[in-house]
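Colleague: Here's a sequence, model it:
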Amino acid sequence: MIKKLHSASEVIEIRILKSLLEEADIQCFTKNEFPPMAGEIPKTMAWPELWINSDYDLDKAKLILKDFLNPSLRA
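Modeller: Numbers count the residues shown, from 1 in each chain. Below is the predicted model:
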């Protein structure tokens, strides 16, 4: 089953994370990469999102996300 892993105000963050997940052989996809024009819906409802295709990869994907968001935790 697909799961939303992360959303961000900037699409570049989602693209970088997608690349990291793909390097780890985690199948994923983006939503809202090209959000609607201003005023159609609240901006936070249209933030770019990163989704993974399988529950099986969720724990591994969360570790990659945590490492990306907290670079000071890297060894």
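Colleague: number of nearby residues for the nearest residue to Leu17 once chain neighbours are set aside?
Modeller: Leaving aside its sequence neighbours, Leu17 sits nearest to Leu50 (C-beta to C-beta, 6 or more residues apart in numbering; 5.4 Å). All C-beta atoms are positioned from the backbone trio N, CA, C, and that covers glycine. Using other C-beta atoms under 10 Å, Leu50 has 25 other residues around it.
Colleague: if I pick Leu50, what's in contact with it?
Modeller: 4-7, 14, 17-18, 21, 28-30 (C-beta atoms under 8 Å, 6 or more residues apart in numbering).
Colleague: show me where the chain has strands.
Modeller: 3-7, 28-31, 49-52 (DSSP state E).
Colleague: Turn those into a markdown table, including distance to Lys62.
Modeller: What follows is the strands of the chain, written out as a markdown table (distance: least, C-beta to C-beta, whole Å):
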| stretch | distance to Lys62 |
| --- | --- |
| strand 3-7 | 7 |
| strand 28-31 | 12 |
| strand 49-52 | 9 |
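Colleague: Flag the shaky bits of this protein, pLDDT-wise.
Modeller: 35-40, 43-44, 73-75 (pLDDT under 70).
Colleague: Let me see the ranges of the helices in it.
Modeller: 11-23, 58-69 (DSSP state H).
Colleague: tell me the most buried of these?
Modeller: Ranked by mean neighbour count, the helices of the chain are led by helix 11-23 with a mean of 16 (mean count of other C-beta atoms under 10 Å).
Colleague: how big is the angle separating that helix from helix 58-69?
Modeller: Using axes from the mean of the first three to the mean of the last three C-alpha atoms, to 10 degrees, the inter-axis angle of helix 11-23 relative to helix 58-69 is 130 degrees.
Colleague: Now do helix 11-23 and strand 3-7, the angle between them.
Modeller: 140 degrees.
Colleague: Specify the beta-bridge partners of the residue nearest to the spatial centre of the chain.
Modeller: Residue closest to the average C-alpha location in the chain (C-alpha atoms, centre = their mean): Leu50, at 3.0 Å. Legend: beta-bridge partners of Leu50 under DSSP bridges are His6, Thr30.
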